[in-house]
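**Student:** A structural model of the following input is requested.
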Amino acid sequence: MRFGKEVPRRPENTAPATLAEGIAVKQPGRLTGRIVASLVDDVVLVSEREMLDAIGSLQSRLGIQAEPAGAASVARPASTSSGMFP
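**Tutor:** Numbering: from 1, shown residues only. A predicted model of the protein is given here:
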């Protein structure tokens, strides 16, 4: 899911249920949101399945053991047709 420069907002007081607890936040802070909006061209959400697939690919192809929050950054490129891994 793509959002462009718009920072997605989560309803107040809801905790995200995710394997990637290291990057899970209820809602980005105001300062963080402004910084992200000024520096980032696109925000892409990845599914739990994409993160798990990325963990498997990192392990099997590169020998890297990653946890879900770490694998999130490569989950979308790894799931595209061109892929990210050799």
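**Student:** all helices of this protein, in order?
**Tutor:** 30-39, 48-57, 68-79 (DSSP state H).
**Student:** just so I know, which of those lies nearest E21?
**Tutor:** E21 sits nearest to helix 68-79 of all the helices of the chain, at 7.1 Å, using CB to CB. For glycine as for every other residue, the C-beta is placed from the backbone atoms N, C-alpha and C.
**Student:** End to end on stretch 40-59, go ahead and measure it.
**Tutor:** Stretch 40-59 has an end-to-end distance of 29 Å (criterion: CA to CA, to the nearest Å).
**Student:** for stretch 24-36, that is, sorry about that
**Tutor:** 16 Å.
**Student:** chain center to it, what's the gap?
**Tutor:** 14 Å (CA atoms, centre = their mean, to the nearest Å).
**Student:** Report the buried residues of it.
**Tutor:** Q27, P28 (16 or more other CB atoms under 10 Å).
**Student:** So for it, mean pLDDT?
**Tutor:** In this model, stretch 24-36 carries a mean pLDDT of 84.
**Student:** Kindly report the same for stretch 43-63.
**Tutor:** Stretch 43-63 shows an average pLDDT of 90 in the prediction.
**Student:** From R30, how far out is the most centrally placed residue in the chain?
**Tutor:** Residue closest to the average C-alpha location in the chain (CA atoms, centre = their mean): A72, at 4.0 Å. Distance of A72 to R30, given as CB to CB, to the nearest Å: 23 Å.
**Student:** Equivalent analysis for G63, please.
**Tutor:** On the measure of CB to CB, G63 and R30 end up 41 Å apart.
**Student:** Next: G22.
**Tutor:** Relative to R30, and taking CB to CB, G22 is found at 22 Å.
**Student:** what's the answer for S57, then?
**Tutor:** 36 Å.
**Student:** Over to A69?
**Tutor:** Distance from A69 to R30, by CB to CB: 23 Å.
**Student:** closest to A17 out of the helices of the chain?
**Tutor:** Per CB to CB, nearest to A17 of these: helix 48-57, 9.1 Å.
**Student:** Buried residues in that closest one, which are they?
**Tutor:** Counting neighbours by 16+ other CB under 10 Å, helix 48-57 gives E50, M51, D53, A54, I55, S57 as buried.
**Student:** Many thanks, we can stop here.
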